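Engineer: Fold the following for me, if possible:
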Amino acid sequence: MRHQASMELFDYWAKLSGDQAAPLRTQIDPVVLRRVLPHLFIITADETEDLVFRLAGTRVCDLFGGELRGMPFTKVWSGTEAARVEDICQRAIGEETPFRLDVLSEEATNQKRFEMLLLPLRPATGSSDRLLGSLVPQSPAAVHLAPAIAGLVLEACSSLDKTGAGTSLDNPASPLRGSGLRRLLGLASFGSGRTV
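Structural biologist: Model (predicted):
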């Protein structure tokens, strides 16, 4: 990981995970993550099983020019990238594996680079049903973009182990193993309050 905010988030996630593949979503404390909150987002499946933003920090929303809550996660990706990234998200949830993505803003010139983490979270019972993510600019110039970026392009993707060491995916769009997102997310329940 290249950015301090990414390392801070990953270390917190890994510590909470302990011997489990992923931490409980109720363990996530926004107060502990207050320094990186503007860069964070949570995605989960809606009633049609599309992955949508449940929450998004102010910096993430600013990059795309508005509130992202309830918007499909695929909408912030350019063209064919959406399907590739959706497959990665399904793998992250289904295999309870964290991923690190190198992404670019979609612009003909002066593209900006970002680092994205996708970290699975579990409900009280069952397997993971959502992702805690971060989108951090790799240079200060990318923090304030005007106008908002049109979309993201996937440059590289790695699965991570608990130490943060990555294994590059030759084909980031390889399909989810198992019986699919319906089985994994069909019984998802959504908490309230300050838990995520």
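
Engineer: And the helices in the protein?
Structural biologist: 4-17, 58-64, 81-94, 181-185 (DSSP state H).

Engineer: winner for burial among those?
Structural biologist: Ranked by mean neighbour count, those are led by helix 81-94 with a mean of 21 (mean count of other C-beta atoms under 10 Å). No exception for glycine: its C-beta is placed from N, CA and C like everyone else's.

Engineer: just the strands in this structure please.
Structural biologist: Taking DSSP state E, the strands of the chain run over residues 40-45, 51-56, 99-105, 113-121, 130-137, 152-160, 166-168.

Engineer: Save the helices of the chain as JSON lines, and put in distance to Leu117 too.
Structural biologist: Output for the helices of the chain, formatted as JSON lines (distance: least, C-beta to C-beta, whole Å):
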{"stretch": "helix 4-17", "distance to Leu117": "6"}
{"stretch": "helix 58-64", "distance to Leu117": "12"}
{"stretch": "helix 81-94", "distance to Leu117": "10"}
{"stretch": "helix 181-185", "distance to Leu117": "20"}
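
Engineer: returning to that earlier point: and the strands of the chain, which one is worst for confidence?
Structural biologist: Here the lowest mean pLDDT among the strands of the chain goes to strand 166-168, at a mean of 80.

Engineer: what's it packed up against?
Structural biologist: strand 152-160 (3 or more C-beta pairs under 8 Å, 6 or more residues apart in numbering; DSSP states H and E).

Engineer: For this structure, give me the ranges with low pLDDT.
Structural biologist: 1, 108, 140-147, 170-196 (pLDDT under 70).

Engineer: which outside residues touch stretch 15-27?
Structural biologist: 13, 28, 96-97, 119-124, 128, 130, 132, 162, 191, 195-196 (C-beta atoms under 8 Å, 6 or more residues apart in numbering).

Engineer: nope, stretch 62-78 is what I was after
Structural biologist: Against stretch 62-78 from outside (C-beta under 8 Å, 6+ apart): 41, 43, 50-56, 60-61, 82-83, 85-86, 89, 106, 135, 144-145, 147-154.

Engineer: Pull up the distance across it, start to finish.
Structural biologist: Taking C-alpha to C-alpha, to the nearest Å, stretch 62-78 runs 18 Å from one end to the other.
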